[in-house]
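S.K.: here is the input, now give the coordinates:
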Amino acid sequence: MKKRAILLAVILTVTVAFQSCKDGAKDTEQDKTVVTPEAQELKEFMLGGMYFINGYGGVTAVEGMIPKTDDAEEMISSYREILIFPFGTDQGSGIKIMFRNMWDIHNKADLEKSMTKLLTVKDTENPHKAWDYARIANNACMGYAAGYLTKEEAKKYISDAFALAQKEFKTWEEYMVDYNKGRVTWDPESEDKEAFDKITAELTKNPKGIYSILPLN
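M.R.: The predicted structure follows:
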């Protein structure tokens, strides 16, 4: 799958169990969801999935890249190819330009300072932390592609953000709602508002989508 070429233009401008609904049942036995290490890693990168999927052209475009299957493990494997470190090191020059222009990030130290702030500081003017956690995932992946972070360092930032997101939000839908509020607070006139509203809605409302197969909690 040639994901790097698809994303380049954009950056510059279990076994998992399907939870069955037992309507009216009063069964005291709870379903057990087994999450493999591969699925868990994917869940963590899904924090920034709206950015990555937007980069590929939207939910419909991504679904067209995924083999049609009802097998959860196969779908997880396919989405791992798309969402885990979607930016290639060959895109590093363009990413460095974007970091400088949009974030005033010029090196590893600048990036780590920015990431730590997103992770630990609650902005009183924009308190929507899902917005911060999504940017952590996105910037960690770009930081790796730019050569500022190792894969292990990037994964640590994403994993830390995911742990906090699980505590603050019950579902991906709650997470996406807070993310959208944060994005609009940051830029009410954003040209991407309609695109991200559409993507986040489609991601959380598809019962066969990856955000349903791998719930936040």
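
S.K.: quick check: nearest residue in space to residue 176, chain neighbours excluded?
M.R.: If you skip the residues right next to it in sequence, residue 176 has residue 200 as its closest partner in space, 4.0 Å away by C-beta to C-beta, 6 or more residues apart in numbering. In this view, the C-beta of every residue, glycine as well, is placed from N, C-alpha and C.

S.K.: wait, isn't that neighbour in contact with residue 49?
M.R.: No - contact criterion C-beta atoms under 8 Å: residue 200 and residue 49 do not qualify, at 9.3 Å.

S.K.: ends of stretch 80-98, how far apart?
M.R.: 25 Å (C-alpha to C-alpha, to the nearest Å).

S.K.: quick check: next helix or strand after the helix or strand of the chain with the lowest mean pLDDT?
M.R.: Using mean pLDDT, DSSP states H and E, helix 3-12 stands out as the lowest-scoring helix or strand of the chain, at a mean of 46. Following helix 3-12 in sequence order, the next helix or strand is helix 37-45 (DSSP states H and E).

S.K.: could you dump whichever helix or strand comes after that following helix to CSV, C-alpha only?
M.R.: If you walk from helix 37-45 toward the C-terminus, the next helix or strand you reach (DSSP H and E) is helix 49-55. The C-alpha trace of helix 49-55 is given here as CSV (Å, rounded to 0.1, in the frame of the first residue of the first chain):
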residue,chain,number,x,y,z
GLY,A,49,-7.0,8.8,13.1
MET,A,50,-9.1,11.8,11.9
TYR,A,51,-5.9,13.5,10.7
PHE,A,52,-4.6,10.4,8.9
ILE,A,53,-7.9,9.5,7.3
ASN,A,54,-8.4,13.1,6.1
GLY,A,55,-4.9,12.8,4.6
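
S.K.: and whichever helix or strand comes after helix 49-55, how far out from the chain middle?
M.R.: Downstream of helix 49-55, the next assigned helix or strand under DSSP H and E is helix 59-65. Here helix 59-65 shows a centroid-to-chain-centroid distance of 16 Å under the convention C-alpha atoms, centre = their mean, to the nearest Å.

S.K.: where along this protein do the helices fall?
M.R.: Shown for the chain, the helices assigned by DSSP state H span residues 3-12, 37-45, 49-55, 59-65, 72-83, 92-98, 108-120, 129-146, 151-168, 172-186, 193-205, 210-213.

S.K.: what is the burial count for residue 190?
M.R.: For residue 190, the neighbour count with other C-beta atoms under 10 Å is 12.

S.K.: centroid residue for the protein?
M.R.: residue 48 (1.9 Å; C-alpha atoms, centre = their mean).

S.K.: can you pull the contacts of that residue?
M.R.: 83, 134-138, 141, 158 (C-beta atoms under 8 Å, 6 or more residues apart in numbering).

S.K.: likewise residue 85?
M.R.: 45, 141, 144-145, 151, 154 are the contacts of residue 85 under C-beta under 8 Å, 6+ apart.
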